[in-house]
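S.K.: Turn this into a structure:
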Amino acid sequence: MNFLETLWSIVLFVVFVSYLVMLFHIVTDLFRDRDLQGWVKALWFLLLLVLPILTALIYLIVRGTGMAARNEVRAMAAEAAVEDRIRSIATTPSTPARQIADAQALLDSGGITEEDFRTLKAKALG
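M.R.: Coordinates of the predicted model:
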């Protein structure tokens, strides 16, 4: 093989892999879309099997904007879930020393009485 044939093979390989990635994204978007009815999904999928390149281009033209919006919503939901998980892990545990310090702060501010402070302290230690 000469250099040009090797280069052409690499270009064809990259185009083929790009096509497969695009097809994967289309199929996952198609089956994740809750707005489409089942028979419409089946029709798109059948057309992707029969005329794959033409159908993929039509799908991207017709539903590309919605595809991007659905991906953005999924990404935002995943990010919110991760942030909630991090927040739940990062909260400081309520140790007895922390509970006593909080009770002392309430006592100093006049929010509770000395008897209430002793009760909270006993509960935290006990």
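
S.K.: ok, now how distant is the closest residue to Leu36 other than its chain neighbours from Ser94?
M.R.: Of all residues not flanking Leu36 in the chain, Leu30 sits nearest, at 7.2 Å (Cβ to Cβ, 6 or more residues apart in numbering). Bear in mind the C-beta positions are built from the backbone N, C-alpha and C, glycine included. Separation of Leu30 from Ser94 (Cβ to Cβ, to the nearest Å): 48 Å.

S.K.: more crowded one of these two?
M.R.: Leu30 (18 against 10; other Cβ atoms under 10 Å).

S.K.: buried residues in the helix or strand hosting the more buried one?
M.R.: Element membership for Leu30 (DSSP states H and E) is helix 3-32. Across helix 3-32, burial judged by 16 or more other Cβ atoms under 10 Å covers Met22, Leu23, Ile26, Val27, Asp29, Leu30.

S.K.: I figured the second one hits Ala56, correct?
M.R.: Yes. Between Leu23 and Ala56 there is a contact at 6.2 Å, judged by Cβ atoms under 8 Å.

S.K.: Tell me the residues that contact both of those two, please.
M.R.: Leu48 (Cβ atoms under 8 Å, 6 or more residues apart in numbering).

S.K.: counting contacts, what elements does the helix holding Leu30 pack onto?
M.R.: helix 38-50, helix 52-90 (3 or more Cβ pairs under 8 Å, 6 or more residues apart in numbering; DSSP states H and E).

S.K.: I'd like the buried residues of helix 3-32 laid out as JSON lines, including distance to Lys121 and pLDDT.
M.R.: Formatted as JSON lines, those follow (distance: Cβ to Cβ, whole Å; pLDDT from 0 to 100):
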{"residue": "Met22", "distance to Lys121": "65", "pLDDT": "93"}
{"residue": "Leu23", "distance to Lys121": "66", "pLDDT": "93"}
{"residue": "Ile26", "distance to Lys121": "64", "pLDDT": "93"}
{"residue": "Val27", "distance to Lys121": "62", "pLDDT": "93"}
{"residue": "Asp29", "distance to Lys121": "58", "pLDDT": "92"}
{"residue": "Leu30", "distance to Lys121": "62", "pLDDT": "91"}
